[in-house]
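Colleague: following is a predicted model, sequence given first.
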Amino acid sequence: MKTKPLDPMNNISQPLSSPAPLTKSSGIKIHQTDEAIGFIPLPDNSGKPITVIGNDAIRNSFDDTCLQQIVNSRMSPGVTEVILNPDGHAGYGAPIGCVMVSPTHIYPGPVGVDIKCSMSLLQTDIPEEAVADKSVRRALIDAITERTPTGAGRGTRSVKKGRKFTKELGIQVVTEGASPAVCEALGIPVEWAERCEDSAHLGHDGTAESLRKRLDFILETKRVKNFGDKIGQLGSYGGGNHFGECEITRILDLPSAKETAEVFGLKDGHVSFLSHCGSRGFGNILACAQFKDLETMFNKWGIPYPAGDKKLVYAPLGTPEANAYLDDMALGANFATVNHLLINALVLEAFQEVLPGTTGKLVYFISHNIAREEIVEGRKAWVHRKGATRAVPGGHFSLAGTPFAETGHPILLPGNPRDGSVVMVAQGGAERTAWSVNHGAGRQMGRKHAAQTLDQAAVDAEFDSADILYNSRKYPIDESPDAYKNFADVLNSVEAAGLAKTVAKLEARFVIKDSAEADD
DNA sequence: ATGTCC
């Protein structure tokens, strides 16, 4: 296996920054070129510098591990471009909050272990007054958690309204994604499929047949044990930072925002519901097995890991290993897609139980942990977004034929319940970031550190005074707003860099999130 | 993130 040298033609000239570059203790320097755009030159100046999005506060938020990881990612074989987003922080091999572009190689690490972890937004026709009462919101929390549970290992509970999670349906789900047949079987409105960044993923050769063959292998070799149990997790959130959140949509009072919001299907002053989750146990098993497979191959072939880090294993495109990874990623991605759409269908049912007559439409479903084949600077390449969101503006050829051809697609960015979340739309400046933005606020504290330093009573009191309810007895302390970066700094960076602009703000009214403490 | 493990 040959590795491709870094392409010197990608060495675009960057203006030298006038202020002294920010130098971290690792010796990695971030040169500032604009208010919110900077770059890290390669150690040997042999290729396109790393693009860093962030204002002063954000640039200071990147820890040394994160910066070393972005340099390692950039220097890895076949990589032509990487971007560090303002929500970037240390992850598994590559930072969470980065984009990695390669025309020749596929990397499992810069996709992540939660294949196609994504955001989705459901817009209802319920006016905000209807959920002003705490008891209504409590009833909604109960109705939703009854249908879409949280927690590791948890699957969809009792209320399935005639849905049958058979093995045959499971096979269809992971090989077809949100096909009309799958939507029909699971009670998902078929028209929601066109509100997906990708409603279905095909195999490495562009067919569903290769996925069926790969799935046969996966089931026969028991790579995924208890497939039925995994399929039973469809329609569930899982744990960690995954959540469901009831919001009030606030469209910005600007003519352009209002026009875009209309196309997106947002309703000002009405209840919406934001969800964050991925491919659950199914995707996790496939992703983890890929790391093992590739590690074995690297050892067998005697190839060094990029930067000595086995979490940066890769496969050159066209090899059986790359094909296997692409197929596994597609299978996991199809699971995540149907999982999100089913969650939205179940959430809508829950609303209809508590507030009869409620209608709701999917605004969008978009991933932040996936590799997609796109055109970057005129060249076909795999764009790995790890904790990063595609950001394509109106008029771009890739949106032709979608409802968002003229406006650009919705970008769903979770901030935190206290400071809100946003719906954005891409701007032309996103061409500088391989059509990408961040995926949220980004952690600034590790979970342990957050648990040790943050005050549980203060966190709960803050939610109480803001009248934001949650499903558990205590808000998970390691998920509290202060465990994350300042969302205003993150958004200011995105807007100042010209990547995207805000269309609407989402104000949290209640949160559904796994809590080991208060799980029932 | 996770058929969850510090």
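Modeller: It's in. Numbering: from 1, shown residues only, chains lettered A, B, ... in the order given.
Colleague: contact partners for the nearest residue to residue A:232 once chain neighbours are set aside?
Modeller: Leaving out its chain neighbours, the residue that sits closest to residue A:232 by C-beta to C-beta, 6 or more residues apart in numbering is residue A:155, at 3.7 Å. C-beta coordinates here come from the backbone N, C-alpha and C atoms, glycine included. Residues near residue A:155 by C-beta atoms under 8 Å, 6 or more residues apart in numbering: A:149, A:229, A:232, A:233, A:234, A:235, A:236.
Colleague: which parts of the longest strand along chain A are buried?
Modeller: As assigned by DSSP state E, the longest strand anywhere in chain A is strand A:500-513. For strand A:500-513, the neighbour count (16 or more other C-beta atoms under 10 Å) marks A:500-513 as buried.
Colleague: other SSEs contacting it?
Modeller: For strand A:500-513, the elements it packs on are helix A:134-147, strand A:243-251, helix A:255-264, strand A:270-277, strand A:420-426, strand A:469-470, helix A:487-496, judged by 3 or more C-beta pairs under 8 Å, 6 or more residues apart in numbering; DSSP states H and E.
Colleague: got the CA coordinates for stretch A:239-247 in CSV?
Modeller: Extracted in CSV, the C-alpha atoms of stretch A:239-247 (Å, rounded to 0.1, in the frame of the first residue of the first chain):
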residue,chain,number,x,y,z
GLY,A,239,-27.0,8.5,26.2
GLY,A,240,-24.2,11.0,26.5
ASN,A,241,-24.9,14.3,24.8
HIS,A,242,-27.9,12.9,22.8
PHE,A,243,-31.1,14.6,23.6
GLY,A,244,-34.6,15.7,22.6
GLU,A,245,-35.5,19.3,23.3
CYS,A,246,-38.8,21.2,23.1
GLU,A,247,-38.2,24.7,21.7
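Colleague: name the residues that touch the helix or strand encompassing residue A:412?
Modeller: Using DSSP states H and E, the element containing residue A:412 is strand A:410-416. Outside strand A:410-416, the residues that touch it by C-beta under 8 Å, 6+ apart are A:119-121, A:243, A:245, A:264, A:274, A:276, A:363-364, A:366, A:389-391, A:404, A:421-426, A:437-441, A:481, A:484, A:487, A:490-491, A:500, A:503.
Colleague: any residue of it touching DNA strand B?
Modeller: No - using C-beta under 7 Å from any atom of the strand, strand A:410-416 stays clear of DNA strand B, with a minimum separation of 11.1 Å.
Colleague: give me the distance from that strand to the chain's centre.
Modeller: In terms of C-alpha atoms, centre = their mean, to the nearest Å, the centre of strand A:410-416 is set 10 Å apart from its chain centre.
Colleague: do stretch A:405-425 as well
Modeller: Distance, stretch centre to chain centre, for stretch A:405-425: 12 Å (C-alpha atoms, centre = their mean).
Colleague: that stretch - what's its average pLDDT?
Modeller: Across stretch A:405-425, pLDDT averages out at 98.
Colleague: surely residue A:267 is in contact with residue A:123?
Modeller: Yes - here residue A:267 lies in contact with residue A:123, judged by C-beta atoms under 8 Å, at a distance of 5.6 Å.
Colleague: name the residues contacting each of the two.
Modeller: The contact sets of residue A:267 and residue A:123 overlap at residue A:249 (C-beta under 8 Å, 6+ apart).
Colleague: what sits closest to the residue most central in space within chain A if chain neighbours are left out?
Modeller: In chain A, the centroid-proximal residue (C-alpha atoms, centre = their mean) is residue A:368; its distance is 2.5 Å. Leaving aside its chain neighbours, residue A:368 sits nearest to residue A:439 (3.6 Å; criterion: C-beta to C-beta, 6+ apart).
Colleague: looking at it, that neighbour is touching residue A:390, isn't it?
Modeller: No - distance between residue A:439 and residue A:390: 10.3 Å, which falls outside the contact criterion (C-beta under 8 Å).
Colleague: which of these two has more neighbours?
Modeller: residue A:439 (27 against 24; other C-beta atoms under 10 Å).
Colleague: so what's that one up against?
Modeller: Contact analysis of residue A:439 by C-beta under 8 Å, 6+ apart lists A:85, A:87, A:97, A:119, A:368, A:385, A:387, A:388, A:389, A:413, A:414.
Colleague: try 10 Å this time
Modeller: Contact analysis of residue A:439 by C-beta atoms under 10 Å, 6 or more residues apart in numbering lists A:85, A:87, A:96-97, A:117-119, A:276, A:366-369, A:385-389, A:411-414.
Colleague: picking that back up, show the pLDDT at the residue nearest to residue A:368.
Modeller: 98.
Colleague: any idea how far DNA strand B is from it?
Modeller: To DNA strand B, residue A:439 is 11 Å away according to C-beta to the nearest atom of the strand, to the nearest Å.
Colleague: what do you get for residue A:48?
Modeller: Residue A:48 sits 30 Å away from DNA strand B, going by C-beta to the nearest atom of the strand.
Colleague: that residue contacts residue A:432, correct?
Modeller: No - contact criterion C-beta atoms under 10 Å: residue A:48 and residue A:432 do not qualify, at 11.1 Å.
Colleague: which one's more surrounded, the two?
Modeller: For residue A:48 versus residue A:432, neighbours defined as other C-beta under 10 Å are more numerous around residue A:48 (23 against 16).
Colleague: from the contacts of residue A:155, which ones fall inside helices?
Modeller: Members of the contacts of residue A:155 lying in helices (criterion: DSSP state H): residue A:229.
Colleague: point out where the stretch 1-150 of chain A drops to low pLDDT.
Modeller: For the stretch 1-150 of chain A, applying pLDDT under 70 flags the ranges A:1-19, A:25.
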